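J.: Make a model of this:
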Amino acid sequence: MLDFSILTNYLNEYYLKGFINTIGISIIALVASFILGTIISVFRIAPIRPLNWIGAIYVEFIRNIPLLLIAFIFFFGLPQLLGITLNGFISGTIALSVYTAAFIAEAIRAGILSIPKGQTEAARSSGLTYIQTMRYIILPQAIKLVIPPLGNQFINLVKNSSILGVISGFDLMYYGDLVASDSFATFDTYIFVGMFYLVLTVPLTLGVNYLERKLARSR
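T.: Below you'll find the predicted structure:
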């Protein structure tokens, strides 16, 4: 049986703080990764070869190394390499953004490639620049097409935020570690941590499934 006194005793001081911080981290990282991912996706299909290389290298490099390693680079590497010291919250949020952006870039790129090329040609022939064509014609359609995959990436981002616990990122897992070390009830502590993650991810999953069905009917 679970010891619910652990939840009640540590609710306000630890669990809720971590829960709120995890929400903040996830929202900041989502916005940052969406912006960066959109830029990288445009790089990957741009008619300028060096931009293609930059986009491809970024995606392949970031997707094939662990998120924890990226967090370590910002948390431990920057002080040694550049003399820049970031706390766990900032380092972890940046790492989450950089990591998730690679997957978002591929999702948006797939959406862009699904748009008929004739639309790009028509926009360019009407006098729009490449950037204007992407901004006003192609990207709005592409993003709408890939909303379900983007929603899934947001869910993954929320779960991946637990990596901040390793670098003292003040997230839910970090405060869970504090509760476990103080109460010596490791199993119960992390079961409650998991429940808080479910409070975040289950509504998101239902929302993404609803959007997917709605978009499927509208096509």
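J.: Helix, strand, or coil at Ile84?
T.: State at Ile84, reduced to three classes by DSSP: H, G, I helix; E, B strand; the rest coil: coil.
J.: residue contacts, the nearest residue to it once chain neighbours are set aside?
T.: Spatially, and ignoring its direct neighbours in sequence, Ile84 is nearest to Leu78 (4.4 Å; CB to CB, 6 or more residues apart in numbering). Yep, even glycine has a C-beta here, placed from its N, CA and C like the rest. The neighbourhood of Leu78, defined by CB atoms under 8 Å, 6 or more residues apart in numbering, consists of Ile84, Thr85, Leu86, Ser91.
J.: Please report how far the first one lies from Phe76.
T.: In other words, Ile84. From Ile84 across to Phe76, the span is 11 Å (CB to CB, to the nearest Å).
J.: Looking at those two, which has the bigger crowd around it?
T.: Phe76 (13 against 10; other CB atoms under 10 Å).
J.: Now do the more buried one against Ile70, distance only.
T.: To Ile70, Phe76 is 11 Å away according to CB to CB.
J.: Could you report the neighbour count for Asn9?
T.: Look at Asn9: counted by other CB under 10 Å, it has 15 neighbours.
J.: could I have the helix or strand hosting it exported to PDB, CA atoms only?
T.: Secondary-structure assignment from DSSP states H and E places Asn9 in helix 4-10. Taking C-alpha atoms only, helix 4-10 is exported to PDB below (Å, rounded to 0.1, in the frame of the first residue of the first chain):
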ATOM      1  CA  PHE A   4      -0.200   8.800   1.300                       C
ATOM      2  CA  SER A   5       1.300  10.700   4.200                       C
ATOM      3  CA  ILE A   6       4.300  11.300   2.000                       C
ATOM      4  CA  LEU A   7       2.200  13.100  -0.500                       C
ATOM      5  CA  THR A   8       0.400  15.200   2.100                       C
ATOM      6  CA  ASN A   9       3.500  16.000   4.100                       C
ATOM      7  CA  TYR A  10       5.600  17.100   1.100                       C
END
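J.: Measure how far that helix is from the centre of its chain, please.
T.: Helix 4-10 sits 30 Å away from the centroid of its parent chain (CA atoms, centre = their mean, to the nearest Å).
J.: That one: which residues count as buried?
T.: Ile6, Leu7, Tyr10 (16 or more other CB atoms under 10 Å).
J.: show me what contacts the first one?
T.: Each residue near Ile6 by CB under 8 Å, 6+ apart is listed here: Val179, Ser183, Ala185, Asp188, Thr189, Phe192.
J.: Just the buried ones from the contacts of Leu78?
T.: Buried members of the contacts of Leu78, counted by 16+ other CB under 10 Å: Ser91.
J.: Any chance of the contacts of Leu78 in JSON lines with pLDDT and distance to Leu113 as columns?
T.: Converted to JSON lines, the contacts of Leu78 look like this (pLDDT from 0 to 100; distance: CB to CB, whole Å):
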{"residue": "Ile84", "pLDDT": "91", "distance to Leu113": "37"}
{"residue": "Thr85", "pLDDT": "93", "distance to Leu113": "41"}
{"residue": "Leu86", "pLDDT": "93", "distance to Leu113": "36"}
{"residue": "Ser91", "pLDDT": "95", "distance to Leu113": "34"}
